[in-house]
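Q: Pasted the sequence and its predicted model underneath.
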Amino acid sequence: MEPVIFAVRFLALSQVILLLFSLAASNNPSCVRLTGILLFVGVAGYLTGPVAMQYNHMDLASILFTVASLTPMFIALFVWVGFEEQHTFPIWLWALMSLNITLEAIAHLGYDGGTEIPAFMRIMQVVEIGLAVFALFLLWKGKEEDLVETRARLRNWSILGIASLALVISISHLVARYAIPDGIELFFMVSVFTLVLSMNIALLKINPSGQITAHGKPEIVESQDPQISSLLERMQEERLYADHDLRVGKLADLVGLPEHRLRKKINQQLGYRNFNQFVNGYRIREAGERLHQEPTIPILSVALDVGFRSISSFNTAFQTQYGMSPTEYRRQTIA
């Protein structure tokens, strides 16, 4: 069975290399290209590590296995910078990634390559699976709000495949570390090849340029479309944005447009790449005015009244817009 496994491994590696070069040559921001390259280098390490071990290149194999084990962390980073469009990572995510790197370094220094896996390394592998699951959650959570058509479709086809790939790698390590029976290893190799081939096909069909996100902040443009003018007028006058449950589909029903057309108009005519960016712009503007004009009203009351569900989401959006916290903004504007 070894020749078959080697052949499938080589085919999977060729697809990974093709995907890596496509991303490296794309017009994505440097952070997206860098994290994407790290991700596919990790997958390549997973594919080539056993080969290095088979030929007794133990030092090289150790490096490749370490890089492969970091793949779930790379996928979490890639999904965040490519799909969340936020520049500030949560502190807990930094902590989890730091723990992942620390555990990997210690585990590989103390692991002798045997089939018996220490409990310490099991913890490390659970962390890996947690990061992969977090990446899947980010993709699922942001699907409805994504207004960029090609990127929204990539969530379904290409990037979900990458996240699933990270889960395959993590679970394979958790079940049997690197001493995997031939039958299971062949299944994993076929899974990797199928997933990466599917991603390459999806990119060719859906987004040949490989563009995932744009550079800088959304470019807001003036629109002469009467439907857009009506939308903006109703958003402002009827305070549609103050609805905590406002989603693209609900707004489309309110303004009498098919959902796919409304998504396209907000993205292409107003320059927004995410529905929350569009809605939160109204919310933050009103909140800023009220923090200045109504200094005695609690900040939480303002946040809830303009449409935010929690003070934490309000603080994050406000900080992004004004570069300071609501408390600091109020202090400066009423001083």
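A: Perfect, thanks for sending it. Residues are numbered from 1 along each chain as shown.

Q: Could I get the full set of helices for the stretch 151-300 of the chain?
A: With DSSP state H, counting those that start in this stretch as the criterion, the stretch 151-300 of the chain has helices at 160-176, 182-206, 226-237, 248-255, 259-268, 275-293, 299-305.

Q: Pick out the shakiest of those helices, pLDDT-wise.
A: When the helices of the stretch 151-300 of the chain are ranked by mean pLDDT, helix 160-176 comes last with a mean of 65.

Q: and the closest residue to residue 286 other than its chain neighbours, backbone torsions?
A: Nearest non-adjacent residue to residue 286, counting by C-beta to C-beta, 6 or more residues apart in numbering: residue 306, 4.9 Å away. Bear in mind the C-beta positions are built from the backbone N, C-alpha and C, glycine included. The phi/psi pair for residue 306 (degrees, to the nearest 10) reads phi -90, psi 0.

Q: and residue 306, what does it touch?
A: Shown in contact with residue 306 (C-beta atoms under 8 Å, 6 or more residues apart in numbering): 241-242, 282-284, 286-287, 290.

Q: between those, which is nearest residue 323?
A: Set against residue 323, the nearest of the contacts of residue 306 by C-beta to C-beta is residue 284 (11.9 Å).

Q: Okay, the closest one and residue 329: tell me how far apart.
A: Taking C-beta to C-beta, to the nearest Å as the measure, residue 284 falls 10 Å from residue 329.

Q: what residues are shared contacts of the two?
A: With C-beta under 8 Å, 6+ apart as the test, residue 284 and residue 329 both reach 318, 322.

Q: Comparing these two, which shows the higher neighbour count?
A: residue 284 (23 against 20; other C-beta atoms under 10 Å).

Q: Show me how the protein divides into domains.
A: Domain ranges of the chain: 2-206, 226-333, per automatic domain parsing.

Q: any weak-confidence spans in the stretch 51-200 of the chain?
A: 85-88, 108-120, 157-160, 162-163, 165-180 (pLDDT under 70).

Q: so which strand or helix has the spatially most central residue of the chain?
A: Residue closest to the mean C-alpha point of the chain, counted by C-alpha atoms, centre = their mean, is residue 79 at 1.9 Å. Assigned by DSSP states H and E, residue 79 belongs to helix 71-79.

Q: Put the alpha carbons of that helix into PDB.
A: The C-alpha trace of helix 71-79 is given here as PDB (Å, rounded to 0.1, in the frame of the first residue of the first chain):
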ATOM      1  CA  THR A  71      -1.700  24.400  10.700                       C
ATOM      2  CA  PRO A  72      -4.800  25.000  12.800                       C
ATOM      3  CA  MET A  73      -3.300  28.200  14.200                       C
ATOM      4  CA  PHE A  74      -2.400  29.300  10.600                       C
ATOM      5  CA  ILE A  75      -6.000  28.600   9.400                       C
ATOM      6  CA  ALA A  76      -7.400  30.700  12.300                       C
ATOM      7  CA  LEU A  77      -5.100  33.600  11.500                       C
ATOM      8  CA  PHE A  78      -5.800  33.300   7.700                       C
ATOM      9  CA  VAL A  79      -9.600  33.300   8.300                       C
END
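
Q: Give the other helices and strands that that helix contacts.
A: Contacts defined by 3 or more C-beta pairs under 8 Å, 6 or more residues apart in numbering; DSSP states H and E place helix 71-79 against helix 30-54, helix 91-110, helix 119-142, helix 160-176.

Q: Any idea which of these gets closest to residue 24?
A: helix 30-54 (5.8 Å).

Q: Show me what counts as buried in the closest one.
A: Residues of helix 30-54 classed as buried by neighbour count (16 or more other C-beta atoms under 10 Å): 32-53.

Q: quick one: contacts for the closest residue to residue 183 other than its chain neighbours?
A: Closest residue to residue 183 apart from its sequence neighbours, by C-beta to C-beta, 6+ apart: residue 1 at 7.5 Å. Residues counted as contacts of residue 1 (C-beta under 8 Å, 6+ apart) are 182-183, 186.

Q: For residue 94, grab the count of nearby residues.
A: Neighbour tally, residue 94, other C-beta under 10 Å: 10.

Q: whoops, I mixed them up, residue 27
A: Residue neighbour count, defined by other C-beta under 10 Å, stands at 12 for residue 27.

Q: and it, that's in a helix?
A: No. Assessed with DSSP: H, G, I helix; E, B strand; the rest coil, residue 27 is coil; it does not lie in a helix.

Q: ok, back up a step: can you tell me which of the contacts of residue 306 is nearest residue 156?
A: Looking across those and measuring by C-beta to C-beta, the closest to residue 156 is residue 241, at 27.7 Å.

Q: Please list all residues in contact with the closest residue to the closest one other than its chain neighbours.
A: Residue nearest to residue 241 in three dimensions, not counting chain neighbours: residue 282, with 4.0 Å by C-beta to C-beta, 6+ apart. Residues counted as contacts of residue 282 (C-beta under 8 Å, 6+ apart) are 235-236, 239, 241, 306-307.

Q: Sweet, I'm off.
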